[in-house]
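Student: show me the folded form of this:
(one chain, ligands or ions: 2)
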Amino acid sequence: MKVFILGGGGREHALGWKMAQSPEVKGLYFSPGNAGTSELGTNINANPADVETVLTRARELKPDLIVVGPEAPLFAGVADRLEEEGFLIFGPKKRAAMLEQEKAYAKDFMQRHNIPTASFKVFDEAAAARRYIEGKESALVVKASGPALGKGVIVCDTPEEALAAVDKIMVEKKFGPAGEEIVIEECLEGEELSLHILTDGKRVLSFPASQDHKPVGEGDEGPNTGGMGAYAPASLVDAGLQSRIDNEIVEPVLAGLEAEDIDYRGLLYIGLMITEKGPQVLEFNCRFGDPETQPLMLLADEELVPLLTDTARGRLSKSRKIKTKKGYSLCVVAASAGYPGAYKKGKRISLGKTEGVVCFHAGTRHKDGEIVTSGGRVLGVTAFSPELKDAKIKAYEALDEKIVGFEGMYYRRDIGDKGLRKLEGRTDETPGD
Ligand code: AMP
Ligand code: GLY
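Tutor: Ligands and ions are numbered 1, 2, ... in the order given. Next up, the predicted model:
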């Protein structure tokens, strides 16, 4: 079978790497892909969010399955158009992808279906937003409602900061049209979890919960990035929390989709804050997370293609957990110096190999017979081991000993530490399935 993967980051390399292990998969195509994906299949230089170009390529390739990695093609309606043309496409249609595309829409959806989330108000006018903030004393979060590549969220400790955030988003228009509408919400405290579920809107196949590390600096300091590392399973989740997540979050989300006749077939990513009151939803994404997918693909102990095709066809037979290896996987993102701000490209990358470590490519490309950096997040160095601490040691060894690396490489040194601290305080540890 032939699979066409849209996207060119670490997530798409990880999905392709997992699929390439299946004897059924005879051809893998990526658009645009990166230097890593070109070793698994063929890269096609096209913008995955350009629906007509994707359709033309799909007509030429005749893939048995098209998998959409990033959100932009889904917002552009690639799933609607390609399904109309008879292709089997993994990724929700435009209407369902609204859960990620418009934060105000997602919050209203949660409110309608009693899904726990921070209390909020939506504004399309700066003056009204300012009046609302002036009556508050607590910390607030100000969010551009539209898509802003994960950067449109400002956590504000004081009302003054919240007022400045409104100006930045609505007056200075730092996030362009994404900030025409904003959501102001209560600031939640707790630890974050990423939930990845494959769903056809009725049944759910769940990956183990993972933890991302969004801020650029150690100890979660500094500006947010696309994600500087992730590990799974998240040690925070015990049986009690899992059942609260299932009952209080996943079930009402599915019931809401059904009640509103939203045809959701794809991956639903639920960003959670685990507060003292219980799990609360921070956001929905309508695609796999990056970098969470990298450790999830090392953990998964069953073939991916049947899971994705059954989801895309709306034919999941029952809800269950996806089989995983017993142990932990941890991914450290190696970024270009300066990221998430300005950074240089074109640095030569060395790519030595270590046992038990997979180096997923993100911003990489070929140039004059070498592999060079071409983005902010460059590599996702991902290890698997029965113990979390050993997975961490393996991933960091590859970086610290410069087995993989490039000039100006930056990475956080504390990926997985929250999980390690939890494990040290716990004795009932049974990772995986
Ligand atoms: P979002 O894109 O809505 O998930 O927000 C990006 C990041 O901002 C989250 O991963 C959190 O770290 C933080 N955040 C968003 N909403 C809240 C909230 N209500 N309370 C505290 N932190 C938040
Ligand atoms: N790692 C966060 C995301 O993919 O949105």
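Student: what's near enough to touch whichever residue of the stretch 301-433 of the chain sits closest to ligand 2?
Tutor: Closest residue of the stretch 301-433 of the chain to ligand 2, CB to the nearest ligand atom: V333 (9.8 Å). Yep, even glycine has a C-beta here, placed from its N, CA and C like the rest. Contacts for V333 (CB atoms under 8 Å, 6 or more residues apart in numbering) come out as 10, 227-229, 291, 362, 377-381, 411-412.
Student: residues contacting the helix or strand that contains A164, please?
Tutor: Using DSSP states H and E, A164 falls within helix 159-166. The contact list for helix 159-166 (CB under 8 Å, 6+ apart) reads 126, 129-130, 133-134, 136-137, 140, 142, 154, 156, 182, 184.
Student: buried ones in the helix or strand immediately after it in the chain?
Tutor: Using DSSP H and E, the helix or strand that follows helix 159-166 in sequence is strand 182-186. For strand 182-186, burial by neighbour count (16 or more other CB atoms under 10 Å) applies to 182-185.
Student: swap in stretch 114-125?
Tutor: Of the residues in stretch 114-125, 115-118, 120, 122-123 count as buried by neighbour count, 16+ other CB under 10 Å.
Student: pLDDT added to those residues, as CSV?
Tutor: Output for the buried residues of stretch 114-125, formatted as CSV (pLDDT from 0 to 100):
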residue, pLDDT
I115, 98
P116, 98
T117, 98
A118, 98
F120, 98
V122, 98
F123, 98
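Student: A strand includes the residue of the stretch 301-433 of the chain closest to ligand 2, no?
Tutor: Yes. Using DSSP: H, G, I helix; E, B strand; the rest coil, the secondary structure at V333 is a strand.
Student: start the count at 19 instead of 1 going forward.
Tutor: Let's use 19 as the start, then, which means that last one is V351.
Student: show me what it bridges to in the sheet.
Tutor: G398 (DSSP bridges).
Student: quick one: it from G194, how far?
Tutor: Per CB to CB, to the nearest Å, V351 is found 26 Å from G194.
Student: got the residue ranges for the strands in the stretch 219-368 of the chain?
Tutor: Per DSSP state E, counting those that start in this stretch, the stretch 219-368 of the chain has strands spanning 222-224, 229-230, 233-235, 239-242, 247-250, 284-293, 296-303, 338-339, 346-354, 367-369. These are given in chain order.
Student: check which helices and strands the second one sits against.
Tutor: Think strand 229-230. strand 209-217, strand 247-250 (3 or more CB pairs under 8 Å, 6 or more residues apart in numbering; DSSP states H and E).
Student: out of those, deepest packed?
Tutor: strand 247-250 (a mean of 31; mean count of other CB atoms under 10 Å).
Student: what sits closest to G364 if chain neighbours are left out?
Tutor: If the residues on either side of it in the chain are set aside, G364 comes closest to V390, at 5.0 Å by CB to CB, 6 or more residues apart in numbering.
Student: what about the one you found, how many residues nearby?
Tutor: Applying other CB atoms under 10 Å, we find 18 residues neighbouring V390.
Student: can you list contacts of the helix or strand containing it?
Tutor: For V390, the host element (DSSP H and E) is strand 388-391. With CB under 8 Å, 6+ apart as the test, strand 388-391 has contacts from 53, 354, 362-367, 369, 379, 381-384, 424.
Student: next: stretch 217-224.
Tutor: 213-216, 268, 272, 275-276, 280-286, 325, 328-329, 331-340.
Student: of the residues you listed, buried ones?
Tutor: Here, 16+ other CB under 10 Å leaves 213-216, 268, 272, 275, 280, 282-286, 325, 328-329, 334, 337, 340 buried among the contacts of stretch 217-224.
Student: farthest-apart pair in the contacts of strand 388-391, please.
Tutor: Across the contacts of strand 388-391, the longest distance by CB to CB is 19.0 Å; it joins K362 and L369.
Student: from K363, how far out is the residue nearest to G364?
Tutor: For V390 relative to K363 (CB to CB), the value is 7 Å.
Student: common neighbours of those two, please.
Tutor: By CB under 8 Å, 6+ apart, no residue touches both V390 and K363.
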